Structures are given as C-alpha cells and as structure tokens.
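Asks: okay, predicted coordinates and the sequence, questions at the end:
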Amino acid sequence: MLSFCSIRLRTFYLAIIASASVLVWVTSRQHAPKLLYPWEAQKADEVVIERWRIGSREETVSHNDTVQKELMRLQKLVMTMKESMGNQTRPTEEHREHQKCSKTLSSLIKYSKWFRERYRPDVKLFLDEDDTRHYDNLSSNTLPFGFKGQNKTVLNQMLLHENFTNPSIHKKKAGSKTGCVRCAVVGCGGILNGSGAGDEIDSHDYVFRVNRALTKGRFANDVGKRTTFYTFFPESQNIQDVEDKNVLLFFTMFKKYDVEYGLNMIKDVPPPPYISRGKEHLIRKPASDPRRLKIVHPDFFKYVFHTYLDDKSARPTTGALVVGLALHICDEVTIYGFGYDPRFTMHYYDTKFVTHTQASTGSHDVDNERMLWMKLHDEGAIRLFKRDV
C-alpha cells in the first residue's frame, strides 16, 4: 500500500513539475528575450529535473513529507507565474530608467576582440546642419557612401530647411539614453510567418522596422504592432502600413534620385518622376510628417559596408543598415526575420511560397549578411531569432 501510494505521489509530483517546467518556458517566451537562449532554457529544465532526483529508494518514509513541501512550493510558483502571465505589459518609461543591463553593447568590447576591432562608438549615424559646413569631407565617395557629383545646393536646402528638425532618438534628457534600452529589429523574412512572436517583439523598448512593415490584422500575432523607427528608400516606402503615428523615419539615400526625393519630402511636396531604363515611374508621396525625418549619414553606410560586410557586393541592404543603427542606439538587440532561411517563404506576408532563388537580391550579398548575423549572435552583440518549425 505504501509503495502504491508512493508511486501515485511520484506520478502526481512529476505532472506538477512538468506543468511548472512548461510554464517557466512559456513565461520566458512572453517576457523580454533574456531566457530565450537555448542553453538557458535547457539549464532551467535541468534544474527542474534535478529536483525530481532528490528522492531515492532508501528515503521512502521521509519522501512523502518532501513531496508535500515541494508541491506547496510549486503551487506558489505556479500562482506567481499565472499572475505574471496575466500582467504582460511593456515596461513604462519610468521603470525602464531604473533597469540595468547585465551586459551592454558598449561593454562587449571588453570581452570580444572581434567586436572591439569593428565597433566605432563615435561614428556619425545621421546627417545634420553641421554637415553643410563639411561638404568636402562628404564628396570623396559617390552615393551611398558620399555626395561626390551631387549638387551641394540641394544638400544645403535639405539640411537647412525649416521642416528638417532632425528630432532626437531618445525622448528624455535632451536626447540621451537612460536605463537599459532593449530593441527589436524586425525584418521581412518568412521565418516570422506563423512564429507567434508578436507579443515578444512589442515588449521591447524600441522596435525597428524596414521597407514593407505590415503589422495590421493577422500579421500582428507574428510580427507585433509597435513601430518606433521605420527605415526606407523611395521605392521601398510603405509608411501607410505603419500603425504608430509618432514613428521616427530613417531615410536612406542610395542614388541621385533619392536626394531629389528627400528634398521634396522635406518640402512636403509630391516627389519628382523617377526615370529608370528610359521609363518614367511615379513614386508615391510618403504619408508622413517631414519633421519626423532623419537621414542616414553616408559615413555610416561606409562604416557598415567596410567594417562588417568586408566591402562585398555593391552596397549593404537596408536591413544591414538598420541592424547597424540598433547596435549604436540600443544596449541589447534582438533581430527577427533576418537570415534568408530557405525552409520559409521569402517574406512573412507572401500569399504563396516564394523561394529565395526566385527573388532578386540585386546588388546585395545575402549569404555574406547571413554569416554576419550568425557572427554577431555568436559574439553576443545581438540575439538572432531562430525557429525549427
């Protein structure tokens, strides 16, 4: 009888621990990404399994008391988890200011030789009025790495226009960063289709998006709804898809037309016609406030392309630029929808499966960028979102 009861208690005990283990895993998925690393999740499971091993055949008599105490402890743990899961809200600005990062990107240079040799905290991210006085420094390279051959007057009109207010990245303390800033960079990769990562993405302090940033309706569950920063160039501009109205816009200029487009955008007038291969194309006017605009600096293009991509291909992708910006704006970075995984369709919003060989990657070296994401992940500079199913 004692043996039968003991077996039943052990079975019940195992079920409780299994439930608690599942709740630990689920909670870690819904919180900020700290416990999402595979090795940390495995370690948590090993701890729970080890607790089961505390009993032995020689401790049958005292085992019942141990089980009861452990069950009470696990019941309290489960209740705590339920309360936590019922209050999944994004940290307030005041709460974030008092948060501390266990390891920041700026401190990573102490531990990673590879990252230390590449990371330049003083690189200029965006153009500003001061650049009108240093045009010569910008004219040694052609776009997107400089303004060689471009009209200096047009650049001055852009950066000195009353609509170009060049707003601060960070809201408080005159644009300075406070607390621990955790960021999600969301690409368009098909790996996000069916991922259910939306709440996790929205839990970050800042959310970066690029190009086609569909977040409405059925997409929200996989990619979230929030957008803090939206990066684009004229042909990729889909600002109408962005739900947040106070989003900051990061404009990238790859060619001469982009400069003309940028000037008209700042003036808040329709863009000029775009002529390509003898055909005229009408590019739509962005539905945005020009006072929310920032322009990515040519020196930053050059920095990302030379330092991280080893000058391979013709230029970096918009996604590579945005990840680079996040490395300089944030303390912790997780990137979603990057890597061109052939098991998934090209984009998360595709209505039918699109293979990567069908999609034109133009002047980009996507294999080189995929290796960069893995290297940054391995060095601890970012966390790369992955899934097996």
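Replies: Thanks, I have it. Remember, it's a predicted structure, so these values are computed and weren't measured experimentally.
Asks: who touches stretch 366-376?
Replies: The contact list for stretch 366-376 (Cβ atoms under 8 Å, 6 or more residues apart in numbering) reads 114, 308-310, 312-313, 316-317, 319-320, 323, 335, 338-340, 356, 382, 384. The C-beta positions use only the backbone N, C-alpha and C, and glycine is treated the same way.
Asks: let's see 6 Å
Replies: 308-309, 312, 320, 338-340, 382, 384 (Cβ atoms under 6 Å, 6 or more residues apart in numbering).
Asks: and that stretch, which residues are buried?
Replies: Under the neighbour-count criterion of 16 or more other Cβ atoms under 10 Å, stretch 366-376 has 366, 369, 372-373, 376 buried.
Asks: follow-up on the earlier one: mind checking which of the contacts of stretch 366-376 are buried?
Replies: Neighbour counting by 16+ other Cβ under 10 Å classes 308-309, 320, 338-340, 382, 384 among those as buried.
Asks: sorry, back to before: wait, which of the buried residues of stretch 366-376 is closest to D244?
Replies: For those, the residue nearest D244 by Cβ to Cβ is W373; the value is 25.6 Å.
Asks: how near is T252 to G324?
Replies: 11 Å (Cβ to Cβ, to the nearest Å).
Asks: how about W114: what's its closest non-neighbour residue?
Replies: Leaving aside its sequence neighbours, W114 sits nearest to E379 (Cβ to Cβ, 6 or more residues apart in numbering; 5.6 Å).
Asks: that neighbour: how many residues sit nearby?
Replies: Neighbours of E379 under the rule other Cβ atoms under 10 Å: 16.
Asks: so it touches E117, yeah?
Replies: No - applying Cβ atoms under 6 Å, one finds E379 not in contact with E117, separated by 11.0 Å.
Asks: now do the contacts for the residue nearest to W114.
Replies: 112, 114-115.
Asks: with N211 instead?
Replies: N211 is in contact with S236, counting by Cβ under 6 Å, 6+ apart.
Asks: pLDDT value on it, please?
Replies: As predicted, N211 sits at a pLDDT of 92.
Asks: what of K279?
Replies: So K279 comes in at 86 (pLDDT).
Asks: ok, and the closest non-adjacent residue to N264?
Replies: Using Cβ to Cβ, 6+ apart, the nearest residue to N264 is P271, at 4.9 Å.
Asks: quick check: phi and psi at the one you found.
Replies: Here is the backbone geometry of P271 (degrees, to the nearest 10): phi -70, psi 160.
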